[in-house]
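Student: One predicted model, sequence on top.
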Amino acid sequence: MRSIGGASDRYMDRRALFLASWLLGCAADPADPLAAEEAGTVGAMDALPSEPDAAFDVVQDTRVDCRVAQKDGMVCACTEVGQRPPTLYLLLDRSGSMGELAPSSTRSKWSLVRSALLDSKAGVLRKFGGRLTIAAAWFPSPSAEDACNAGKQLFGPVRGSPSAYDALEAKLASAIPRGSTPTAASLDAVAIALAAVPKPAYVLLATDGAPNCGVGPCGADGCTYNIERDQVTFSGACGAAFNCCDPSKTARGLGWKACVDLDASTRAAAAIAAAGHKVFVLGVPGTIAEYSRALDALAVAGGAPREGAPRFYAANEPTLESLSAALASIAGKVVDTCDIRLEAPVPDPGVTNVLLDGDAVTDWRWTSDSSIELLGAACDRIHAGTVASVQVVVGCRTVTK
C-alpha cells in the first residue's frame, strides 16, 4: 500500500484539492471520462505524486477506488482507508489421520478442510474477504523425528484479500499430513503469538480427534490406540486386556504420549480465553464419537461453545458443503461486530464515509480518531449477516441524514 499526501504542508495542498473537487468533481460522474475531464476532476486525489505520509493508507492504485452519492444526487470520488479487522487465527490439525479419506468421500479430511476454507466457490474465507485478518498455524510442525512437535505458524497475520488467500492456499497445499495431535503444546504456542496481535482475535481449532502427546499414563480407555481400535501399528490387538499405550507391554507406538491429553489441552484453551480471546473448536468430518466429549470440553474451556449438543462445531454430513456451513457459522461470529478499527487516524473526519456493500450509511459515529461504531440499522445489518463488504473511505463530504 502507499500513502497519500506527505508532511502537513503537503496534506494541506491536497486538502485544497479536496475542496475544489467538491465544487467541480461532485457535479460529474467519475465513471464518465469526458464529463470528468470537462469538470477538471479526473483523479483529483490519484493524479498527485505518491509521497509517504503516516496519516492513512490507501489502496496502491491510480484508479478511483469508490464513489459516494451526495445528498444533492451528485457522485464524488473517494479512496478507501486501511482497517484492522478482527483476526481469525487458524490452528489446523495436519496429523496423519487427516490424510485419511473422510467417511463416504473420495477426498481426504485435509483436502476437505482446505477447500472449505479457500475453494474459489465454496471457500468461506474468500466470501468474507477483507473483513477478516488471517493468521494460520498447523500441528504437528513438520519433522521426521518427532510426531509430537508443537504447531508452527506458517502464515500472517495479514488482512484478507484474494492474493492473501491464494498464498495461504498454496501453503496448505504443500502439507503432507503425518504425526500425532499435540493440541496442548500447539495452543500454548498460539497463545504466545496472540500476545502480539491486536484484539479482537479468535482461534479456530480444526481437528479430527482427541489431543495426545502428553505425558500419561492412562488406562486402556484413555489410550488413543485402543479407542481407535488401531489396525496399523498394533493390527487390532488393542483392547480392554491390552493397553497399547503401556510401554511395559509393548515397544511399539508412542507409549504414554498416545494417551488422550485432555486436561493439559483444556487448560491451554482456557488460558487463551482468559487472555481475552476465544477458541472455536471444529470437529472435522471423520471425528469418531468417542472423541466428542474431548472436543466438547475444549469448546467450553475456549469460551466459544455452541448452544446445545455438541458444544463444538461439526459438519452434519461428511461433505464440503456441510463443512463450509460449519466454518461459515464460526467466521460469521468473528465478524459480527459493529466496531471498526482503522490502521491510523483520519486527518479530516469531515470527509469520511462508511460504505456497506458499496452504499454510504449514516448510522455511525466516531469513538476515537481511529475507530468507528456502527449504529441502528447499519449495525442490525451486520448482526443479520447480510453484509459482505465494509469500507471506510475519505475524499467526500460525510453523508448525513
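Tutor: Yep, it's here.

Student: What are the contacting residues of stretch 286-301?
Tutor: Contacts with stretch 286-301, where a contact means CB atoms under 8 Å, 6 or more residues apart in numbering, come from 97, 100, 102-103, 109, 183, 205, 207-211, 227-228, 260, 262, 265-267, 269-270, 273, 279-281, 283, 305-306, 309-314, 318. Just so you know, the C-beta spots here come from the backbone N, C-alpha and C atoms, and that holds for glycine as well.

Student: let's see it at 7 Å
Tutor: For stretch 286-301, contacts defined as CB atoms under 7 Å, 6 or more residues apart in numbering pick out 100, 102-103, 109, 205, 208-211, 227-228, 260, 262, 265-266, 269-270, 273, 281, 283, 305, 310-312, 314, 318.

Student: Over to stretch 320-336?
Tutor: By CB under 7 Å, 6+ apart, stretch 320-336 touches 86, 88, 112, 115-117, 122, 124, 128, 131-132, 202, 204, 280, 282, 285, 313-316, 382-383, 385.

Student: returning to that earlier point: quick one: which of the contacts of stretch 286-301 sit in strands?
Tutor: Using DSSP state E, the subset of those located in strands is 205, 281, 283, 314.

Student: Near the second one, how many other residues are there?
Tutor: Around residue 281 sit 30 other residues, with neighbours defined as other CB atoms under 10 Å.

Student: which residues does it bridge with?
Tutor: With DSSP bridges as the criterion, residue 281 is bridged to residue 205.

Student: Likewise for residue 313?
Tutor: Counting by DSSP bridges, residue 313 forms beta bridges with residue 282.

Student: about what we covered before: I'd like the ones in strands among the contacts of stretch 286-301 written out as TSV, with distance to residue 338 and pLDDT added.
Tutor: Below are these laid out as TSV (distance: CB to CB, whole Å; pLDDT from 0 to 100):
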residue	distance to residue 338	pLDDT
205	26	98
281	26	97
283	30	95
314	29	92
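
Student: Specify which member of these is nearest to residue 76.
Tutor: The shortest approach to residue 76 among the ones in strands among the contacts of stretch 286-301 belongs to residue 205, at 45.2 Å (CB to CB).

Student: which residues sit in contact with that closest one?
Tutor: Counting by CB under 7 Å, 6+ apart, residue 205 touches 91, 279, 280, 281, 282, 298.

Student: Out of those, flag the one nearest to residue 244.
Tutor: Checking these one by one against residue 244 (CB to CB), the nearest turns out to be residue 298, at 23.7 Å.

Student: Against residue 216, how distant is the closest one?
Tutor: According to CB to CB, to the nearest Å, residue 298 and residue 216 sit 19 Å apart.

Student: In terms of neighbours, single out the busier of the two.
Tutor: The neighbour count for residue 298 versus residue 216, taken as other CB under 10 Å, is higher for residue 298 (29 against 18).

Student: if we can go back for a sec, tell me the buried residues within the contacts of stretch 286-301.
Tutor: Taking 16 or more other CB atoms under 10 Å as the criterion, what is buried in those is 102, 109, 205, 208-211, 227-228, 260, 262, 265-266, 269-270, 273, 281, 283, 305, 310-312, 314, 318.

Student: From those, which land in helices?
Tutor: Among the buried ones among the contacts of stretch 286-301, the members falling in helices (DSSP state H) are 109, 227, 262, 265, 266, 269, 270, 273.

Student: Hmm, residue 90 is touching residue 133, no?
Tutor: No: the pair residue 90 / residue 133 is not scored as a contact, 11.4 Å apart, by CB atoms under 7 Å.

Student: which one of the ones in strands among the contacts of stretch 286-301 sits closest to residue 176?
Tutor: When the ones in strands among the contacts of stretch 286-301 are compared for distance to residue 176 (CB to CB), residue 205 comes out closest, at 20.6 Å.

Student: Sort out which one of the ones in strands among the contacts of stretch 286-301 lies nearest residue 196 for me.
Tutor: Nearest to residue 196 among these is residue 205, at 19.5 Å by CB to CB.

Student: Could you check how far the closest one is from residue 134?
Tutor: 15 Å.

Student: cool, residue 212 as well?
Tutor: Remark: distance between residue 212 and residue 134 (CB to CB) = 28 Å.

Student: The two: who's more crowded?
Tutor: Taking residue 212 and residue 134 together and counting by other CB under 10 Å, residue 212 has the greater number of neighbours (29 against 23).

Student: my read: that one touches residue 257, true?
Tutor: Yes: the pair residue 212 / residue 257 is scored as a contact, 6.3 Å apart, by CB under 7 Å.

Student: Would you mind listing where the protein has pLDDT under the threshold?
Tutor: Within the chain, the stretches with pLDDT under 70 are 1-66, 70-73, 144-145.

Student: Who are the contact partners of the residue nearest the centre of it?
Tutor: Geometric centre of the chain, nearest residue: residue 88, 3.0 Å, by CA atoms, centre = their mean. For residue 88, the contacting residues are 132, 134, 202, 204, 331, 334, by CB under 7 Å, 6+ apart.
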